[in-house]
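Engineer: Have a look at this prediction, sequence included:
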Protein chains: 2
Amino acid sequence: MQSEQELTDLPLSDQVYAKVRELLRDGAFVSGQRISEAEICDRFQVSRTPAREAIRRLLNEGFLTTVESGRIIVAPIDIERAEEIYDMREAVECLAAKLSAKKATTKDLIELRGILDEQRRGATDETDFLDINDRFHRCVYKIASNRYLLRSAEILLVSAGMIRGTTQGRYDYNTWSLKDHEEIYQAIEDGNTTAAEDAARRHVRRGRMQRISLLKTLSSV
Amino acid sequence: MQSEQELTDLPLSDQVYAKVRELLRDGAFVSGQRISEAEICDRFQVSRTPAREAIRRLLNEGFLTTVESGRIIVAPIDIERAEEIYDMREAVECLAAKLSAKKATTKDLIELRGILDEQRRGATDETDFLDINDRFHRCVYKIASNRYLLRSAEILLVSAGMIRGTTQGRYDYNTWSLKDHEEIYQAIEDGNTTAAEDAARRHVRRGRMQRISLLKTLSSV
DNA sequence: TATCCTAATAATGTATACGAAAAATACAAA
DNA sequence: TTTGTATTTTTCGTATACATTATTAGGATA
């Protein structure tokens, strides 16, 4: 829940939750793969209680799914689910941008610009790029300061990141991503809510097209 | 997770979750009130494990909040939180209406119209009215068929329902609520996505004004 | 009476124990 | 080989035990 807390002094269930989500994001857990409590216990050396709680939360947030008879698997992201993610993401990112444009303080703008500068300097590798990208979006969420939005946006950001097939063709993404982020930033700085919303919408839609086409080439193989 | 399931064959944690949420909605648990595991165990005659899981989910969804040193209370809904709820709700309800207008089948329309007819016939009392109201919205969510939207919208619907101070002045709400629902329905039937979005937006904003002013009169007392 | 120290109490995080239900496996018979 | 059945194993839901930490209460002293 608290974001700035050291991971080690959080309850084990939260640590496990965070670590599993990381594994999901990094593709160590793949679509459709079965997840059992015992496996989580083994892997993270915790007892069933925190493992259970982490799994239940991941289920609730849509990262995992229950199949017939209670078995749990990593939620497969097919085109249908990807469209659900992006439909929702568009609504949520637009709101985030709009609220940020309304509420951003000077300090907020400095922080956001800092992340943008980092992105401009260029990422060392793909993971780094994705990190910076996520930080930008999370910063916007923070500025929007809406707890319900935050919860949703966070989940959707990670879920969208899980849509991938091949890693290739993802890095040049940086070119338009940077331009989009600059646009969003500018609108927020200007306090122009509709411009912010529009920029966010375009950004999400570009991401959507890219990801969906990625899925399509994959499923046709 | 599955909606049509008998409550009794769901895991205890889900049953407890549902029951606590009901108590919250009905005002049996009030803002700021402390909630302890033991209390939940006592009240529902379950052991700590399911009680814990229910509480964690309620925390995660924003119904409960952690205060200093891990104490858990019913999240107080002040004006700030109410605005967060309604800002987010506007985005989510608009999306729900839009998607429904795009996807609704004849069968969907029949079901939705059925609820509307019920509302037209009038509710017997306030609880009944709220039930019908919720059913209408849930039906729209279902038609939109987006899992991420559903989770969010459901939480926001209940959260918004928890904004209340006095019960008075809530019942005449029915007059404009019905009109709004009819508008939303019509747009969905027409497959007019922008009209659906607009109708939903107006509806949410009306609810927002009403609830916020309710809170304001309360806090000024 | 106010304050501080200590003991008791309660609450939460974590681990483990138990039971039921489902799945997998092994083995026998057709 | 296939099928059917019995047995073993896994997995999960639930309960409870243990440990640690925070909170409260009581009593002694200034």
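Structural biologist: Sure, I can see it. Everything quoted here is computed from the prediction, not taken from an experiment.
Engineer: show me the contacts for the closest residue to DNA strand D within chain A.
Structural biologist: Residue nearest to DNA strand D within chain A (CB to the nearest atom of the strand): A:Glu37, separated by 3.5 Å. The way it works is simple: take the backbone N, C-alpha and C, and place the C-beta from them, glycine included. A:Glu37 makes contact with A:48, A:51-52, A:55 under the criterion CB atoms under 8 Å, 6 or more residues apart in numbering or on different chains.
Engineer: Which one (most neighbours) among those residues?
Structural biologist: Counting neighbours by other CB atoms under 10 Å in any protein chain shown, the top entry in these is A:Ala51, with 25 neighbours.
Engineer: longest helix anywhere in chain A?
Structural biologist: Identified as the longest helix of chain A according to DSSP state H is helix A:193-220.
Engineer: which strands and helices sit next to that helix?
Structural biologist: Counting contacts by 3 or more CB pairs under 8 Å, 6 or more residues apart in numbering or on different chains; DSSP states H and E, helix A:193-220 is packed against helix A:79-103, helix A:173-190.
Engineer: Run the contact check for the longest one versus chain B.
Structural biologist: Read that as helix A:79-103. Yes - judged by CB under 8 Å from any CB of the partner chain, helix A:79-103 comes into contact with chain B at A:81, A:84-85, A:87-88, A:90-92, A:94-95, A:99.
Engineer: for these, which one is nearest A:Thr105?
Structural biologist: Of all the residues of helix A:79-103 next to chain B, A:Leu99 has the smallest distance to A:Thr105: 12.9 Å, by CB to CB.
Engineer: For the residue located most distally from the centre of chain A, give its distance to B:Arg147.
Structural biologist: What lies farthest from the middle of chain A is A:Ser69; by CA atoms, centre = their mean that is 29.5 Å. In this view, A:Ser69 and B:Arg147 are 20 Å apart by CB to CB, to the nearest Å.
Engineer: for A:Ala123, same thing?
Structural biologist: Between A:Ala123 and B:Arg147 the computed distance is 32 Å (CB to CB).
Engineer: again with A:Arg211
Structural biologist: For A:Arg211, the distance to B:Arg147 equals 17 Å [CB to CB].
Engineer: Can you pick out the residue with more neighbours from the two?
Structural biologist: For the pair A:Arg211 and B:Arg147, the greater number of neighbours falls to A:Arg211 (23 against 16), based on other CB under 10 Å.
Engineer: What separation do you get for the more buried one and A:Arg34?
Structural biologist: Separation of A:Arg211 from A:Arg34 (CB to CB): 25 Å.
Engineer: What parts of chain A come near DNA strand C?
Structural biologist: Proximity of chain A to DNA strand C (CB under 7 Å from any atom of the strand) is limited to residues A:11-13, A:46-50, A:68-69, A:71.
Engineer: among the residues you listed, who's most crowded?
Structural biologist: Counting by other CB under 10 Å, top hit in those: A:Ser13 with 21 neighbours.
Engineer: Surely that one touches A:Ala54?
Structural biologist: Yes - in this structure A:Ser13 lies within contact range of A:Ala54 using CB atoms under 8 Å: 5.2 Å.
Engineer: and chain A, which of its residues are near DNA strand D?
Structural biologist: Residues of chain A found near DNA strand D (CB under 7 Å from any atom of the strand) are A:36-38, A:48-49, A:52, A:70-72.
Engineer: closest to B:Ala160 among those residues?
Structural biologist: For the residues of chain A next to DNA strand D, the minimum distance to B:Ala160 (CB to CB) is 30.9 Å, reached by A:Arg52.
Engineer: A:Ala123 looks like it's in a helix, true?
Structural biologist: No - checked against DSSP: H, G, I helix; E, B strand; the rest coil, A:Ala123 lies outside a helix; its state is coil.
Engineer: tally of neighbours for it?
Structural biologist: Neighbour count of A:Ala123, defined by other CB under 10 Å: 16.
Engineer: again, but for A:Asp134
Structural biologist: Residues lying near A:Asp134 (other CB under 10 Å) number 16.
Engineer: cool, and A:Gly27?
Structural biologist: As a burial measure, A:Gly27 scores 12 neighbours (other CB under 10 Å).
Engineer: ok, now A:Glu111?
Structural biologist: 16.
Engineer: Just give the nearest non-adjacent residue to it, would you?
Structural biologist: When the adjacent residues along the chain are set aside, A:Glu111 lies closest to A:Cys139, with 6.0 Å between them (CB to CB, 6 or more residues apart in numbering or on different chains).
Engineer: so who does the one you found touch?
Structural biologist: A:Cys139 is in contact with A:108, A:111-112, A:115, counting by CB under 8 Å, 6+ apart.
Engineer: Okay, now the unreliable bits of chain A?
Structural biologist: Counting by pLDDT under 70, the ranges of chain A that qualify are A:1-8, A:165-174, A:218-221.
Engineer: surely A:Ala196 meets A:His181?
Structural biologist: No - using CB under 8 Å, A:Ala196 is not in contact with A:His181, being 11.8 Å away.
Engineer: Quick check: A:Glu90 vs A:Arg164, distance?
Structural biologist: According to CB to CB, A:Glu90 stands 19 Å off from A:Arg164.
Engineer: what about those two, which has more around it?
Structural biologist: Neighbour count, other CB under 10 Å: between A:Glu90 and A:Arg164, A:Glu90 has more, with 21 against 16.
Engineer: Could you verify my assumption that that one touches A:His203?
Structural biologist: No - judged on CB under 8 Å, A:Glu90 makes no contact with A:His203 at a distance of 9.4 Å.
Engineer: and A:Glu118, helix, strand or coil?
Structural biologist: The three-state label given to A:Glu118 by three-state DSSP is helix.
Engineer: Tell me how many other residues surround it.
Structural biologist: Neighbourhood size, A:Glu118 [other CB under 10 Å]: 15.
Engineer: Doesn't A:Val46 lie inside a helix?
Structural biologist: No - counting by three-state DSSP, A:Val46 is not part of a helix but coil.
Engineer: That one - nearest residue in space that isn't next to it in sequence?
Structural biologist: A:Leu12 is the one closest to A:Val46 (CB to CB, 6+ apart), at 5.1 Å.
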